[in-house]
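> Predicted model follows, preceded by the sequence.
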Amino acid sequence: MSILQQGLAWIEPAVAAYGAFALFLIVYFESFGAPLPGESALIAASLLAVRGDLAVEHVFLAAWIGGFLGDSTGYLIGRFGGRLLLQRFGHWVKLTPERLARLEATAREKGFVMVMTARFVVLLRQLNGLVAGSIAMPWRIFAPANAIGAALWAGLWSFGPYYFTDHFHRWL
(Lines give C-alpha, C1' and ligand atoms only; values in the text may rest on other atoms or scores of the structure.)
Protein backbone atom coordinates (compact mmCIF):
# COMPACT_ATOMS: atom_id res chain seq x y z
CA MET A 1 0.00 0.00 0.00
CA SER A 2 1.51 3.34 -1.06
CA ILE A 3 1.81 6.35 1.22
CA LEU A 4 -0.95 8.13 -0.70
CA GLN A 5 -3.26 5.13 -0.30
CA GLN A 6 -2.53 5.00 3.44
CA GLY A 7 -3.27 8.71 3.81
CA LEU A 8 -6.53 8.36 1.92
CA ALA A 9 -7.61 5.27 3.87
CA TRP A 10 -10.00 7.12 6.20
CA ILE A 11 -11.02 9.80 3.70
CA GLU A 12 -12.46 7.57 1.00
CA PRO A 13 -14.88 5.74 3.34
CA ALA A 14 -16.03 9.03 4.88
CA VAL A 15 -16.63 10.67 1.51
CA ALA A 16 -18.18 7.49 0.08
CA ALA A 17 -20.55 7.23 3.05
CA TYR A 18 -21.52 10.89 3.42
CA GLY A 19 -20.82 12.19 -0.08
CA ALA A 20 -20.02 15.75 -0.92
CA PHE A 21 -21.15 16.89 2.54
CA ALA A 22 -18.17 15.11 4.13
CA LEU A 23 -15.88 16.78 1.60
CA PHE A 24 -17.47 20.15 2.37
CA LEU A 25 -16.81 19.69 6.11
CA ILE A 26 -13.20 18.58 5.63
CA VAL A 27 -12.38 21.47 3.29
CA TYR A 28 -14.30 23.98 5.44
CA PHE A 29 -12.47 23.13 8.65
CA GLU A 30 -9.09 22.84 6.91
CA SER A 31 -9.57 26.28 5.36
CA PHE A 32 -9.55 28.06 8.69
CA GLY A 33 -6.74 26.18 10.31
CA ALA A 34 -7.77 22.67 11.33
CA PRO A 35 -5.09 20.13 10.38
CA LEU A 36 -7.21 18.15 7.95
CA PRO A 37 -6.25 16.82 4.51
CA GLY A 38 -8.57 18.92 2.36
CA GLU A 39 -6.65 18.49 -0.86
CA SER A 40 -6.35 14.74 -0.36
CA ALA A 41 -10.07 14.51 0.40
CA LEU A 42 -10.82 16.48 -2.75
CA ILE A 43 -8.68 14.18 -4.88
CA ALA A 44 -10.30 11.12 -3.27
CA ALA A 45 -13.75 12.55 -3.96
CA SER A 46 -12.77 13.22 -7.58
CA LEU A 47 -11.65 9.62 -7.96
CA LEU A 48 -14.92 8.47 -6.42
CA ALA A 49 -16.66 10.58 -9.06
CA VAL A 50 -14.68 8.74 -11.74
CA ARG A 51 -16.14 5.47 -10.38
CA GLY A 52 -19.60 7.01 -10.46
CA ASP A 53 -20.05 7.15 -6.67
CA LEU A 54 -20.32 10.97 -6.69
CA ALA A 55 -21.14 13.62 -9.25
CA VAL A 56 -18.03 15.62 -10.11
CA GLU A 57 -20.12 18.81 -10.11
CA HIS A 58 -21.10 18.15 -6.48
CA VAL A 59 -17.47 17.51 -5.61
CA PHE A 60 -16.49 20.85 -7.14
CA LEU A 61 -19.30 22.78 -5.44
CA ALA A 62 -18.61 21.21 -2.04
CA ALA A 63 -14.91 22.08 -2.27
CA TRP A 64 -15.53 25.58 -3.59
CA ILE A 65 -18.18 26.49 -1.04
CA GLY A 66 -16.30 24.78 1.80
CA GLY A 67 -13.09 26.60 0.87
CA PHE A 68 -14.77 29.98 0.52
CA LEU A 69 -16.75 29.70 3.75
CA GLY A 70 -13.80 28.23 5.65
CA ASP A 71 -11.48 31.06 4.65
CA SER A 72 -14.25 33.55 5.38
CA THR A 73 -14.67 32.06 8.87
CA GLY A 74 -10.91 32.32 9.36
CA TYR A 75 -11.08 35.93 8.19
CA LEU A 76 -13.75 36.72 10.80
CA ILE A 77 -11.77 34.97 13.53
CA GLY A 78 -8.69 36.92 12.47
CA ARG A 79 -10.57 40.19 12.27
CA PHE A 80 -11.98 39.83 15.78
CA GLY A 81 -9.01 38.54 17.74
CA GLY A 82 -6.43 37.24 15.31
CA ARG A 83 -4.02 40.10 15.85
CA LEU A 84 -3.68 39.08 19.50
CA LEU A 85 -3.22 35.44 18.45
CA LEU A 86 -0.48 36.39 15.99
CA GLN A 87 1.29 38.53 18.55
CA ARG A 88 0.99 35.89 21.26
CA PHE A 89 1.67 32.69 19.29
CA GLY A 90 3.33 33.94 16.12
CA HIS A 91 6.74 32.93 17.40
CA TRP A 92 5.66 29.27 17.06
CA VAL A 93 5.66 29.73 13.29
CA LYS A 94 8.59 32.18 13.33
CA LEU A 95 6.33 35.19 12.79
CA THR A 96 8.33 37.96 14.42
CA PRO A 97 7.03 41.54 14.70
CA GLU A 98 9.28 42.47 11.76
CA ARG A 99 7.89 39.67 9.58
CA LEU A 100 4.35 40.64 10.56
CA ALA A 101 5.06 44.22 9.47
CA ARG A 102 6.42 42.97 6.13
CA LEU A 103 3.40 40.72 5.70
CA GLU A 104 1.07 43.66 6.28
CA ALA A 105 2.97 45.78 3.75
CA THR A 106 2.83 42.98 1.18
CA ALA A 107 -0.90 42.52 1.83
CA ARG A 108 -1.52 46.21 1.19
CA GLU A 109 0.34 46.01 -2.12
CA LYS A 110 -0.56 42.54 -3.39
CA GLY A 111 -3.41 41.41 -1.15
CA PHE A 112 -5.74 40.23 -3.90
CA VAL A 113 -3.13 38.02 -5.58
CA MET A 114 -1.81 36.87 -2.20
CA VAL A 115 -5.22 35.62 -1.05
CA MET A 116 -6.07 34.10 -4.42
CA THR A 117 -2.85 32.08 -4.69
CA ALA A 118 -2.41 31.10 -1.02
CA ARG A 119 -4.94 28.30 -1.45
CA PHE A 120 -2.38 26.43 -3.59
CA VAL A 121 0.28 26.35 -0.83
CA VAL A 122 -0.33 23.88 2.00
CA LEU A 123 0.28 25.93 5.17
CA LEU A 124 -0.93 29.15 3.57
CA ARG A 125 -4.22 27.47 2.65
CA GLN A 126 -4.92 26.83 6.32
CA LEU A 127 -3.90 30.29 7.52
CA ASN A 128 -5.01 32.46 4.59
CA GLY A 129 -8.25 33.84 6.02
CA LEU A 130 -6.96 34.10 9.57
CA VAL A 131 -3.94 36.14 8.51
CA ALA A 132 -5.96 38.33 6.11
CA GLY A 133 -8.44 39.15 8.86
CA SER A 134 -5.69 39.67 11.43
CA ILE A 135 -3.93 42.26 9.30
CA ALA A 136 -7.27 43.99 8.60
CA MET A 137 -7.38 43.33 4.87
CA PRO A 138 -10.56 44.98 3.58
CA TRP A 139 -13.42 42.53 2.99
CA ARG A 140 -14.03 44.03 -0.47
CA ILE A 141 -10.56 42.78 -1.47
CA PHE A 142 -10.56 39.54 0.49
CA ALA A 143 -13.96 38.14 -0.54
CA PRO A 144 -13.57 38.20 -4.35
CA ALA A 145 -9.96 36.98 -4.15
CA ASN A 146 -11.07 34.20 -1.83
CA ALA A 147 -13.96 33.21 -4.12
CA ILE A 148 -11.75 33.13 -7.24
CA GLY A 149 -8.91 31.30 -5.48
CA ALA A 150 -11.28 28.71 -4.02
CA ALA A 151 -12.91 28.19 -7.43
CA LEU A 152 -9.56 27.74 -9.18
CA TRP A 153 -8.27 25.36 -6.50
CA ALA A 154 -11.52 23.35 -6.38
CA GLY A 155 -11.63 23.24 -10.17
CA LEU A 156 -8.05 22.02 -10.47
CA TRP A 157 -8.41 19.23 -7.91
CA SER A 158 -11.99 18.27 -8.84
CA PHE A 159 -11.83 18.23 -12.59
CA GLY A 160 -8.11 17.47 -12.98
CA PRO A 161 -8.19 13.99 -11.42
CA TYR A 162 -11.63 13.38 -12.88
CA TYR A 163 -10.61 14.04 -16.48
CA PHE A 164 -7.02 12.81 -16.26
CA THR A 165 -7.51 9.81 -14.00
CA ASP A 166 -5.62 7.45 -16.31
CA HIS A 167 -2.44 9.40 -15.58
CA PHE A 168 -3.03 9.12 -11.82
CA HIS A 169 -3.38 5.33 -11.87
CA ARG A 170 0.42 5.07 -12.02
CA TRP A 171 0.73 6.67 -8.57
CA LEU A 172 -2.16 4.92 -6.83
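Nice, I can see it.
> hang on, H58 packs against F21?
No - counting by CB atoms under 8 Å, H58 does not reach F21; the two are 9.3 Å apart. C-betas here are computed from N, CA, C, even on glycine.
> These two: which is more packed in?
A count of neighbours by other CB atoms under 10 Å puts H58 above the other of H58 and F21, at 17 against 14.
> and that one, what pLDDT?
You'll see H58 listed with a pLDDT of 96.
> Least confident secondary structure element in the protein?
Using mean pLDDT, DSSP states H and E, helix 3-7 stands out as the lowest-scoring helix or strand of the chain, at a mean of 53.
> residues touching the nearest residue to R83 once chain neighbours are set aside, list them.
Counting by CB to CB, 6 or more residues apart in numbering, R83 lies nearest to S134, which is 5.0 Å off, once chain neighbours are set aside. Listed by CB atoms under 8 Å, 6 or more residues apart in numbering, the contact set of S134 reads G78, R79, G82, R83, L85, L86.
> Likewise for T96?
By CB under 8 Å, 6+ apart, the residues touching T96 are G90.
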